[in-house]
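K.L.:
Predicted model and sequence follow; I will ask about them next.
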Amino acid sequence: MKTLLLAASLLLAAPALRAQDVGLPVGSKAPTAVVEDLAGRPVDLGRYVGKTPVLLQFWATWCPSCKEMEPAMLAAQKKYGARVKIIGVAVSFNQSPQRVKLYADKHKLPYEVLFDKTGKASDVYDVPATSYVVVLDRTGKVVYTGQGGDQNIDAAIRKAM
């Protein structure tokens, strides 16, 4: 049911939503979730916790806000490199792993791209719409959540450093 609500919100998300208005509560512990890499192999998002801060962006190839965020995501990857794990979690609504891979290759996305085939990660991360970002500190505590194309990704990451 929650996945259906996510799909509806993807199309109807209010542009007025901003950081801390949506999703997981700041200060909460990141939930566990298994997604897939673009070859269909399972990937537990929990494996990234405990090494560096983590930025998760729930996105879609057809999402205009996600497209708007691309330069900030690319700049963050360039600025922080291995000091922050940046992961694009593609939602499964109206796309496939193949479509996501073609997009990631075409746009030369320099961070890891995964696929939420079943929608379970979107459910446990309380994803309200695409272009939803969650930043975790090294311990897995949520330090930032936000939605929309004009988020200050750099400031969000600095909260986790």
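P.N.:
Sure, I can see it.

K.L.:
Secondary structure element for the residue nearest to the spatial centre of the chain, which one?
P.N.:
With the centre of the chain defined as its mean C-alpha position, the nearest residue by C-alpha atoms, centre = their mean is Q57, 1.6 Å away. Assigned by DSSP states H and E, Q57 belongs to strand 54-59.

K.L.:
and if you look at G146?
P.N.:
G146 is part of strand 142-147, with elements assigned from DSSP H and E.

K.L.:
Name every strand pairing with that strand and say which way it goes.
P.N.:
The strands beside strand 142-147 in its sheet (DSSP bridges) come out as strand 132-136 (antiparallel).

K.L.:
Mind listing residues that contact the partner strand?
P.N.:
Contact with strand 132-136 is made by 22-24, 30, 49, 53-58, 69, 125, 142-147, 151, 153, 156-157, 159-160, as judged by C-beta atoms under 8 Å, 6 or more residues apart in numbering. Glycine gets a C-beta too; all of them are placed from N, C-alpha and C.

K.L.:
Helices along the chain, start to end?
P.N.:
If you assign secondary structure with DSSP state H, the helices in the chain sit at 2-12, 64-80, 97-106, 120-124, 153-160.

K.L.:
returning to what we had before: quick check: angle from the strand holding G146 to strand 54-59?
P.N.:
Between strand 142-147 and strand 54-59, the angle comes out at 20 degrees (axes from the mean of the first three to the mean of the last three C-alpha atoms, to 10 degrees).

K.L.:
Mind checking the pLDDT average for strand 142-147?
P.N.:
For strand 142-147, the mean per-residue pLDDT is 95.

K.L.:
can you state the direction angle for it and helix 153-160?
P.N.:
Calculated by the same axes, to 10 degrees, strand 142-147 forms an angle of 160 degrees with helix 153-160.

K.L.:
between strand 142-147 and helix 64-80, how many degrees?
P.N.:
Angle of strand 142-147 versus helix 64-80, following the same axes, to 10 degrees, is 140 degrees.

K.L.:
Output strand 142-147 as CSV - backbone C-alpha positions only.
P.N.:
Output in CSV follows, covering the C-alpha atoms of strand 142-147 (Å, rounded to 0.1, in the frame of the first residue of the first chain):
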residue,chain,number,x,y,z
VAL,A,142,20.0,10.4,10.2
VAL,A,143,21.4,14.0,10.2
TYR,A,144,19.4,15.4,7.2
THR,A,145,16.4,14.6,5.1
GLY,A,146,15.0,16.7,2.3
GLN,A,147,13.0,16.6,-0.9
